[in-house]
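S.K.: the sequence and its predicted three-dimensional model are supplied below.
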Amino acid sequence: MRKFLISAEQILTVTCLMIYSGTPLIPLLTDGFTVKETDRTIFRFFYTFTYIVSFSLIALRWKKVTHVFSRDKFIWVLIGVCALSSFWSLDPDTTVRRVFALAATTIFGLYLASRYTLKEQLKLCAYMFGFSAVMCFLFVIFLPQYGLGNDVDGAGWRGIYPSKNVLGETFVLSAAIFFFQAMTNQENRWVSWLGYVTSGILIFFSKSTTSIVNFIIITAAIVIYYRILHLKYKVMIPILTFISTIAIAFYTWFISEADTILGSVGKDTTLTGRSEIWSAVLEMIAKKPLLGYGYGAFWIENNSESTIVQQTIQWNAPNSHNGFLDLWLELGLLGFSVFLIGFVINLLKAIYIIRCNQTSESLWLLVYFTVIILTNVAETTFLEQNSLPWILYVSAILSNKLSTRANL
């Protein structure tokens with residue numbers, strides 16, 4: 001009976017992870033994300049299910065959850081700032097609803113960290129991504145009207161996701177998890193390598209340039225972190241200096257030849273219009289730099305402020321295509337500073353612990369922080385309600401804090 005209950009809980013956890021990442025039911029129920037008038041009701045039904053599961057499972061082990069809850073204060077302070085922003089939000093009702101969803105999403109990350117070890121968390125994520133990858137291939141083969149790109153995506157695959165960019169960024173995270181497992185876990189290593197290669201194939205066929213570049217960088221970063229950070233300082237510093245020099249030289253060359261390189265593959269040097277968005281968003285940030293426009297309130301439909309940006313760039317951008325700009329836009333310098341302080345402190349602690357005693361929790365935290373930075377340079381995935389990236393951010397930090405305390 002106990003084994004049955006454990007298995008049932010794991011199935012529930014994987015199901016919730018898939019809902020947050022992207023379930024194949026959504027494109028089927030929304031006719032390929034085109035039935036806009038019913039989308040919100042369908043999404044709310046699935047997310048409400050995850051909220052009920054999260055609170056129910058947490059209630060069963062509330063004492064341990066309370067202990068884990070106190071491990072990092074910056075996460076909860078940041079959510080507190082989101083809640084306070086309802087007082088100056090452009091749309092207080094929207095902010096309140098989205099803060100509630102963000103808090104519930106954070107609770108699921110808290111549940112993961114309190115219930116499962118990091119190894120177990122990544123294993124459950126691997127199951128979820130493995131199933132998602134299979135469904136993406138099935139959609140492309142048997143339901144190409146959903147699985148293949150639309151007019152915006154061109155020839156790129158989108159699988160069970162709304163766009164090629166979402167498919168690409170999702171499997172960049174998948175590739176990071178599978179590659180990390182292959183490097184740090186001897187058990188069923190071939191499965192991890194298969195998952196990594198499959199993720200790479202999906203990223204390639206998505207034709208998302210940003211995701212392809214991020215895939216390559218994340219792979220290199222994991223190797224560097226795994227092989228170099230535990231070396232002696234007199235060896236580590238020259239190696240890191242050499243790698244940094246090569247990276248800077250390559251970046252300088254890439255920028256100087258951007259017209260030729262991007263033009264040869266049909267891209268422009270404005271990163272598909274992102275530089276224009278960033279300029280317009282920075283102008284809006286300058287109007288309310290300290291407190292911002294309220295969590296989740298700036299990019300809502302029929303908002304006069306976001307309309308100014310969209311008219312400036314001549315297309316209906318759904319966000320800034322930069323997670324850090326959106327964070328500042330919504331929460332101002334106050335919220336951005338809270339995030340940055342917590343991020344830097346956890347990053348430095350992770351590096352210090354790796355230097356002293358290379359734990360998988362600290363190494364994964366460093367890897368995941370790299371994923372967060374790369375992904376949010378050209379897309380917005382950070383501090384979003386009902387999103388897998390935010391759940392894994394919370395669970396990675398809390399898991400690292402628990403491991404650090406256990407090893408002291």
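M.R.: That came through fine. Numbers count the residues shown, from 1 in each chain.

S.K.: use CA for all of it now, contacts and neighbours both
M.R.: Will do.

S.K.: ok, now which ones touch residue 280?
M.R.: By CA atoms under 8 Å, 6 or more residues apart in numbering, the contact set of residue 280 is 309, 312-313.

S.K.: do residue 139 as well
M.R.: The contact partners of residue 139, by CA under 8 Å, 6+ apart, come to 146-147, 159-160.

S.K.: again, only this time at 10 Å
M.R.: Each residue near residue 139 by CA atoms under 10 Å, 6 or more residues apart in numbering is listed here: 24, 27, 133, 145-148, 157-160.

S.K.: I'd like these laid out as TSV, including secondary structure, neighbour count and pLDDT.
M.R.: Shown next, in TSV, are those (DSSP: H, G, I helix; E, B strand; the rest coil; neighbours: other CA atoms under 10 Å; pLDDT from 0 to 100):
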residue	secondary structure	neighbour count	pLDDT
24	coil	18	93
27	helix	21	91
133	helix	22	98
145	helix	14	92
146	helix	24	92
147	helix	26	92
148	strand	25	90
157	strand	30	94
158	coil	30	94
159	coil	32	95
160	coil	30	96
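
S.K.: and those as CSV, adding distance to residue 204?
M.R.: Converted to CSV, the contacts of residue 139 look like this (distance: CA to CA, whole Å):
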residue, distance to residue 204
24, 20
27, 22
133, 13
145, 19
146, 18
147, 15
148, 13
157, 9
158, 11
159, 13
160, 16
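
S.K.: just the element for the residue lying closest to residue 396 once chain neighbours are set aside, please.
M.R.: Take residue 396 and drop its neighbours on the chain: the residue closest to it by CA to CA, 6 or more residues apart in numbering is residue 365, 5.6 Å away. Counting by DSSP states H and E, the element that carries residue 365 is helix 360-378.

S.K.: mind pulling up the pLDDT for residue 62?
M.R.: For residue 62, the pLDDT comes out at 79.

S.K.: residues contacting it?
M.R.: Neighbour list for residue 62: 55-56, 68, 111, 114 [criterion: CA under 10 Å, 6+ apart].

S.K.: list buried residues within these.
M.R.: 68, 111, 114 (16 or more other CA atoms under 10 Å).

S.K.: quick one: secondary structure of the first one?
M.R.: So that's residue 68. Secondary structure for residue 68, judged by DSSP: H, G, I helix; E, B strand; the rest coil, is helix.

S.K.: residue 159 versus that one, what's the distance?
M.R.: If you measure residue 68 against residue 159 using CA to CA, to the nearest Å, the figure is 36 Å.

S.K.: report the distance from the helix ranked longest in the chain to the chain centre.
M.R.: Across the chain, the longest stretch assigned as helix under DSSP state H is helix 323-356. Between the centre of helix 323-356 and the centre of its chain there are 14 Å (CA atoms, centre = their mean, to the nearest Å).

S.K.: now it: buried residues?
M.R.: Judged by neighbour count (16+ other CA under 10 Å), helix 323-356 contains these buried residues: 323-333, 335-336, 338-339, 342, 346-347, 349-351, 353-355.

S.K.: swap in stretch 131-151?
M.R.: Under 16+ other CA under 10 Å, the buried positions of stretch 131-151 are 132-133, 135-137, 139-140, 143, 146-150.

S.K.: picking that back up, any chance of the contacts of residue 62 in a markdown table, plus distance to residue 176 and pLDDT?
M.R.: As requested, the contacts of residue 62 are exported to a markdown table (distance: CA to CA, whole Å; pLDDT from 0 to 100):
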| residue | distance to residue 176 | pLDDT |
| --- | --- | --- |
| 55 | 29 | 91 |
| 56 | 30 | 91 |
| 68 | 25 | 83 |
| 111 | 22 | 94 |
| 114 | 23 | 91 |
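
S.K.: those residues: which two are farthest apart?
M.R.: Spatial extent of the contacts of residue 62 (CA to CA) is set by the pair 56 and 68 at 16.8 Å.

S.K.: quick revisit: got the angle for the helix holding residue 365 vs helix 323-356?
M.R.: Interaxial angle of helix 360-378 relative to helix 323-356 (axes from the mean of the first three to the mean of the last three CA atoms, to 10 degrees): 160 degrees.

S.K.: and helix 360-378, what does it pack against?
M.R.: Applying 3 or more CA pairs under 10 Å, 6 or more residues apart in numbering; DSSP states H and E, one finds that helix 360-378 makes contact with helix 118-142, helix 164-184, helix 209-228, helix 274-287, helix 323-356, helix 388-407.

S.K.: which parts of the helix or strand that comes right after the second one are buried?
M.R.: Right, the one you point to is helix 164-184. Moving toward the C-terminus from helix 164-184, the next helix or strand (DSSP H and E) is helix 189-206. Within helix 189-206, the residues that count as buried by 16+ other CA under 10 Å are 189, 192-196, 198-200, 202-206.

S.K.: returning to what we had before: now secondary structure and distance to residue 6 too, for the contacts of residue 62, in a markdown table please.
M.R.: Output for the contacts of residue 62, formatted as a markdown table (DSSP: H, G, I helix; E, B strand; the rest coil; distance: CA to CA, whole Å):
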| residue | secondary structure | distance to residue 6 |
| --- | --- | --- |
| 55 | helix | 17 |
| 56 | helix | 15 |
| 68 | helix | 21 |
| 111 | helix | 15 |
| 114 | helix | 15 |
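
S.K.: ok, those vs residue 378, which is closest?
M.R.: residue 111 (29.6 Å).

S.K.: next, the contact list for the closest one, please.
M.R.: Residues in contact with residue 111 (CA under 10 Å, 6+ apart) are 13, 54-55, 57-59, 61-62, 64-65, 68-69, 105, 391, 394-395.

S.K.: among those residues, name the buried ones.
M.R.: Buried members of the contacts of residue 111, scored by 16+ other CA under 10 Å, are 13, 54, 57-58, 65, 68-69, 105, 391, 394-395.

S.K.: and of those residues, the nearest to residue 381?
M.R.: The nearest member of the buried ones among the contacts of residue 111 to residue 381, counting by CA to CA, is residue 391 at 11.0 Å.

S.K.: excluding chain neighbours, give the residue nearest to that closest one in space.
M.R.: Nearest non-adjacent residue to residue 391, counting by CA to CA, 6+ apart: residue 109, 4.4 Å away.

S.K.: okay, the angle between the strand or helix carrying the one you found and helix 388-407?
M.R.: Assigned by DSSP H and E, residue 109 belongs to helix 92-115. Interaxial angle, helix 92-115 versus helix 388-407 (the same axes, to 10 degrees): 40 degrees.

S.K.: show me what counts as buried in helix 92-115.
M.R.: 92, 94-96, 98-99, 101-115.
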